[in-house]
Structure formats: structure tokens, C-alpha cells
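Visitor: Need a 3D model of the sequence below.
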Amino acid sequence: MSGIRLDHRAAKAALRRLMAEGEDHHRRHTATTPALPATAAGRAFVDRGAAIADALRRVHEHGARSIDALRATADAAAEQVDVFRDVDKRNADDLAGRS
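Guide: A predicted model of the protein is given here:
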């Protein structure tokens with residue numbers, strides 16, 4: 001016996017909440033993108049303003065990738081919780097001679 005205990009319903013409920021939060025975060029994140037005109041740093045500093053705008057864009061894209069990774073991980077975890085439940089049931093049935 002492994003001693004592993006998993007409350008399938010509680011795990012799935014927690015993962016559903018995580019997935020919903022991830023969807024909400026994704027929706028809010030993609031609703032706006034940073035917009036900084038290159039001239040915001042002043043006419044003499046257009047190159048620096050453009051560099052700052054590019055940096056903000058990259059940070060925003062990195063944030064989107066992080067949110068997407070969280071969403072994918074939560075989805076994969078939910079699938080694995082189902083696999084664990086199915087294997088556990090099959091093993092219990094085998095041990096009880098119900099296979």
C-alpha cells in the first residue's frame with residue numbers, strides 16, 4: 001500500500017476553481033495591452049521611449065505565457081486526478097475480485 005489518499009471530488013473542485021481563476025486572469029490580461037507612445041519619453045528620447053514600449057510589450061507577453069502555462073497545468077492536473085481515480089478503482093476491483 002502506498003498510503004496515498006486523494007479525495008477526488010475535493011481535488012477536482014479545487015482544480016475547477018483554479019481553472020476558472022486562470023480563465024478570468026487570462027480574460028483580464030488580454031483585455032488590454034500596454035500602450036506607450038515612443039514620444040512619451042520626450043521628442044529627444046524617442047529611441048528610449050520605443051525601447052521602454054518594447055520592454056512593456058515583452059513583459060506583457062511573458063505574463064500571457066505564464067497564465068497559459070498555469071491554465072495548461074491545471075487542465076493536465078485535472079486529467080491526472082481522473083486517471084488516479086480510475087486506476088485506484090480498477091486496482092480495488094481487482095483486489096476485491098470484481099474484475
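Visitor: residue contacts, residue 39?
Guide: Shown in contact with residue 39 (Cβ atoms under 8 Å, 6 or more residues apart in numbering): 46, 49. Bear in mind the C-beta positions are built from the backbone N, C-alpha and C, glycine included.
Visitor: Over to residue 78?
Guide: Listed by Cβ under 8 Å, 6+ apart, the contact set of residue 78 reads 12, 15-16, 19.
Visitor: Going by neighbour count, which of these comes out on top?
Guide: Greatest neighbour count in the contacts of residue 78, by other Cβ atoms under 10 Å, goes to residue 15: 19 neighbours.
Visitor: Which helix or which strand is home to that residue?
Guide: In this assignment (DSSP states H and E), residue 15 forms part of helix 8-31.
Visitor: swap in residue 93?
Guide: With DSSP H and E as criterion, residue 93 is part of helix 46-95.
Visitor: Spatially, which residue comes closest to residue 49, not counting chain neighbours?
Guide: Spatially, and ignoring its direct neighbours in sequence, residue 49 is nearest to residue 41 (3.6 Å; Cβ to Cβ, 6 or more residues apart in numbering).
Visitor: Hmm, that neighbour is touching residue 53, no?
Guide: No: the criterion here is Cβ atoms under 8 Å, and residue 41 misses it with residue 53 at 9.2 Å.
Visitor: still on that earlier bit, for the helix holding residue 93, what is the average pLDDT?
Guide: Average pLDDT, helix 46-95: 95.
Visitor: And residue 95, how close does it get to residue 88?
Guide: Distance, residue 95 to residue 88, by Cβ to Cβ, to the nearest Å: 11 Å.
Visitor: of these two, who's got more company?
Guide: When neighbours are counted by other Cβ under 10 Å, residue 95 and residue 88 differ, and residue 88 comes out ahead with 15 against 9.
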